[in-house]
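J.: Any chance you could fold what I've pasted below:
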Amino acid sequence: MSSFKLFDIAGSGMSAQSVRLNTTASNLANADSAGSDPSKVYKARHPLFEAVRAGLGTRNDADGAAVRVRSIVENQTAASARYEPGNPLADKDGYVYAPTVNVVEEMVDMISASRAYQNNVEVMTTARDLMLATLRLGS
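T.: Coordinates of the predicted model:
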């Protein structure tokens, strides 16, 4: 495996964690939204990651290794109903529907994604420093 592949792998990890951070931020931003139709209420979204290893069975096993976002899936949990007949968003029965976004879980997910992103930055920084140190050995 070429040393430069480290940058591609860490970069793909950073890109995937960036998508994770953005979907988590979207979930948190819409956590307090409400609506009168349970089918149109915001549904939390979560990225589904996939490890990619092209070149299996060849001499360069790690060529093309990466992390990618396979898809972004929506939470299928039904919206929670609250009886608020005075709310302008209430349906004819007086119910307002809210998304089932767990703010605590989303914050934990955001911290985890942020730390994973930072780890990939550290991998890139360490690889760069080791390459520079190797170049300095020759001079």
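J.: quick one, helices of the chain?
T.: 5-29, 103-137 (DSSP state H).
J.: Figure out which of the ones you listed is closest to Val67.
T.: Closest approach to Val67 among these (Cβ to Cβ): helix 5-29, 4.6 Å. (C-beta placed from N, C-alpha, C; glycine too.)
J.: Average pLDDT for the closest one, rounded please.
T.: For helix 5-29, mean pLDDT rounds to 94.
J.: For that helix, which residues meet the burial criterion?
T.: 5-6, 9-10, 12-17, 20-21, 23-24, 26-28 (16 or more other Cβ atoms under 10 Å).
J.: Now do it against helix 103-137, angle only.
T.: 160 degrees (axes from the mean of the first three to the mean of the last three Cα atoms, to 10 degrees).
J.: Give the closest residue to the most centrally placed residue in the chain in space, chain neighbours not counted.
T.: Note on the chain: the residue nearest the mean C-alpha position is Arg20, at 1.2 Å, using Cα atoms, centre = their mean. Leaving out its chain neighbours, the residue that sits closest to Arg20 by Cβ to Cβ, 6 or more residues apart in numbering is Ala113, at 4.2 Å.
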